[in-house]
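S.K.: Predicted model follows, preceded by the sequence.
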Amino acid sequence: MKTLTAILLIFLLTSFKTSYTTANRASRWVISENSSLSVNGTTNINKFSCAILQYPKTDTVTVAQDKNNKIVLSGLLNIEVKNFDCSNMMMTKQLLKTLQDEKFPILRIKFLSLKETPSLDQGKSFIKGNVEIVIAGVAKRFEICYQLKMKNNSLELIGLQPINFSDFNLSPPKKMGKLIQAKDQLIVAFSLKMELAV
């Protein structure tokens, strides 16, 4: 999940060594289909992991500066809930039911802002940014710490973010009645790969 959702840093790619100081400069980034996202949790007896191993769309994110030199993001990641795979048919079914996939088939991650401008001198950097995650119709804002890796005109954002089912007014999934019960907290792990749009 989510999530991870992230891409803010990318603006720096376009502006790196060019005109980052130019107000209102904007750049567009395309999220690659080989991005991945997983949610990792625990139950009362073991651990589980549910993953979307390939991102099936090519959403775009726009990054710009406002008149106060703040970095402004616009764009959404739209993730189809039905694409989660927990490597266990029963757990996958319970997760989709918990996330109300029939009523809310899309999990959305909206990019909001960067806390600072990362340094890309060494090819990778760490930075914090704000995102809004919408699950089952409920929106929640998070501050996420990313690792940014840069190579040529591509970027990869890697991160982990804890979230709770209860943040979105959801109850953790159950398996086999109440014998197996997932805990409230999940760790969302993401690797978002992006290319500079031409």
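M.R.: Sure thing, it's come through.
S.K.: Buried residues of the longest strand belonging to the chain, list them for me.
M.R.: Across the chain, the longest stretch assigned as strand under DSSP state E is strand 138-151. By 16 or more other Cβ atoms under 10 Å, the buried positions in strand 138-151 come out as F142, I144, Y146, Q147, L148, K149, M150. Every residue, glycine included, has its C-beta placed from N, CA and C.
S.K.: Q181: which of the residues you listed is nearest?
M.R.: Q181 has its nearest neighbour among the buried residues of strand 138-151 in F142, at 24.7 Å by Cβ to Cβ.
S.K.: beta partners of that closest one?
M.R.: The partner list for F142 in beta bridges (DSSP bridges) reads V131.
S.K.: Return the distance of it relative to V188.
M.R.: Distance of F142 to V188, computed by Cβ to Cβ, to the nearest Å: 9 Å.
S.K.: Overlap of the contact sets of those two?
M.R.: Q161, I163 (Cβ atoms under 8 Å, 6 or more residues apart in numbering).
S.K.: count of residues packed around the closest residue to K193 other than its chain neighbours?
M.R.: Take K193 and drop its neighbours on the chain: the residue closest to it by Cβ to Cβ, 6 or more residues apart in numbering is S32, 4.1 Å away. Neighbour count for S32, taken as other Cβ atoms under 10 Å: 17.
S.K.: How much space separates S32 from M194?
M.R.: Using Cβ to Cβ, we find S32 at a distance of 6 Å from M194.
S.K.: quick revisit: quick one, the helix or strand just after the longest strand of the chain and strand 138-151 angle?
M.R.: Note on strand 138-151: by DSSP states H and E, the next helix or strand toward the C-terminus is strand 154-164. Counting by axes from the mean of the first three to the mean of the last three Cα atoms, to 10 degrees, strand 154-164 lies at 150 degrees to strand 138-151.
S.K.: Output the contacting helices and strands for the helix or strand following strand 154-164.
M.R.: Downstream of strand 154-164, the next assigned helix or strand under DSSP H and E is strand 174-175. Packing partners of strand 174-175 (3 or more Cβ pairs under 8 Å, 6 or more residues apart in numbering; DSSP states H and E): helix 89-98, strand 180-181.
S.K.: And for strand 174-175, what's in contact with it?
M.R.: Contacts of strand 174-175 (Cβ under 8 Å, 6+ apart): T43, M90, M91, Q94, I180, Q181, A182.
S.K.: In space, what's closest to the second one - neighbours in sequence excluded?
M.R.: Read that as M90. K175 (5.5 Å).
S.K.: could you pull out the helices for the protein?
M.R.: Secondary structure of the chain by DSSP state H: the helices cover 11-15, 89-98.
S.K.: Pick out the shakiest of those, pLDDT-wise.
M.R.: The minimum mean pLDDT among the helices of the chain belongs to helix 11-15 (a mean of 36).
S.K.: what about N153, distance to I127?
M.R.: Using Cβ to Cβ, N153 is found at 19 Å from I127.
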